[in-house]
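here is my input; please provide its structure:
(2 chains)
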Amino acid sequence: KAGVTQTPRYLIKTRGQQVTLSCSPISGHRSVSWYQQTPGQGLQFLFEYFSETQRNKGNFPGRFSGRQFSNSRSEMNVSTLELGDSALYLCASSLDTPPLNGYTFGSGTRLTVV
Amino acid sequence: AQKITQTQPGMFVQEKEAVTLDCTYDTSDPSYGLFWYKQPSSGEMIFLIYQGSYDQQNATEGRYSLNFQKARKSANLVISASQLGDSAMYFCAMRDSGGSQGNLIFGKGTKLSVKP
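Reported below is the predicted structural model:
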């Protein structure tokens, strides 16, 4: 079966712009979470959605937002991009929440802010 | 607060040998889950193995086994018969507790290099 699909794989944006990243979970999975990975901070939790509702949110500024659609696909948006937002953004899905056996991750979107 | 510590930034192992990657954790919750993920240079996080806090036996998945020592709060990953394709970053993670929260807390990772 198809895995977690993230688009686009690579993205270059300019400071001050906004960006939208997309994640399609494994079919049947209703929980989608987003993580930011940087060399300095490592992997940090952004937010989690389950059945179109945000269940949990990490410690990120309000410029980071997300949503989930009725088909469980999720998008995350970052407004007013800063250089420090350059990172690998990973999406993960699971059947339930909290995930009893962990998440299945996508390949990520690598965002570069110049 | 919950925390995952991986003290080995990098490790080398000879092909076909076994290697142990260390992970210690800190939590006051009696119910928790521990995970190991592999991240090759492509970026995707690949699930390797899971250990629940109430599991009586150490988890095993093929060449991967988890050496779970609850009293010492350690969950070391053992890879047997290393292969060149095992070269990657390895992350230990814990499922955050606290009611409905389901996010994972990750360690800083260990970069494993397998030498031919």
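
in chain B, which spans are strands?
B:3-5, B:10-14, B:19-21, B:24-26, B:33-39, B:46-52, B:60-61, B:64-69, B:74-79, B:88-95, B:104-106, B:110-115 (DSSP state E).

for the first one, buried residues please.
Read that as strand B:3-5. Neighbour counts over strand B:3-5 (16 or more other Cβ atoms under 10 Å in any protein chain shown) mark residue B:4 as buried. Bear in mind the C-beta positions are built from the backbone N, C-alpha and C, glycine included.

other residues contacting it?
For strand B:3-5, the external contacting residues (Cβ atoms under 8 Å, 6 or more residues apart in numbering or on different chains) are B:23, B:24, B:25, B:26, B:27, B:92, B:93, B:94, B:105, B:106, B:107.

from those residues, pick the one nearest residue A:7.
Nearest to residue A:7 out of the contacts of strand B:3-5 is residue B:106 (Cβ to Cβ; 23.6 Å).

any idea how far residue A:77 is from the closest one?
As for residue B:106, its distance to residue A:77 is 23 Å (criterion: Cβ to Cβ, to the nearest Å).

for the two, indicate the residue with more neighbours.
In this view residue B:106 and residue A:77 are compared by other Cβ atoms under 10 Å in any protein chain shown, and residue B:106 has more residues nearby, 21 against 13.

who touches the closest residue to the more buried one other than its chain neighbours in this structure?
For residue B:106, ignoring the flanking residues on the chain, the nearest one in space by Cβ to Cβ, 6 or more residues apart in numbering or on different chains is residue A:43 at 4.0 Å. Shown in contact with residue A:43 (Cβ under 8 Å, 6+ apart): A:35, A:36, A:37, A:90, B:91, B:93, B:104, B:106.

helix or strand right after the helix or strand residue A:43 falls within?
In the assignment (DSSP states H and E), residue A:43 maps to strand A:42-50. Downstream of strand A:42-50, the first helix or strand assigned by DSSP H and E is strand A:53-57.

what residues of whatever helix or strand comes next after that following strand count as buried?
Counting by DSSP H and E, the next helix or strand C-terminal to strand A:53-57 is strand A:64-68. Within strand A:64-68, the residues that count as buried by 16+ other Cβ under 10 Å are A:64, A:65, A:66, A:68.

could you measure from the first one over to residue A:9?
For residue A:64, the distance to residue A:9 under the criterion Cβ to Cβ works out to 20 Å.

grab the nearest non-local neighbour of residue B:38.
residue B:46 (4.5 Å).

how many residues are close by the one you found?
Residues lying near residue B:46 (other Cβ under 10 Å) number 14.

now do the contacts for it.
Residue B:46 neighbours (Cβ under 8 Å, 6+ apart): A:105, B:37, B:38, B:39, B:40.

so how do I select the buried members of those residues in ChimeraX?
Here is the ChimeraX command that picks out the buried ones among the contacts of residue B:46, judged by 16+ other Cβ under 10 Å:
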select /A:105 /B:37,38,39
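
spell out which residues of chain A are next to chain B.
A:31, A:33, A:35, A:42-43, A:45, A:48, A:55-56, A:58, A:88, A:90, A:92, A:94, A:97-108, A:110 (Cβ under 8 Å from any Cβ of the partner chain).
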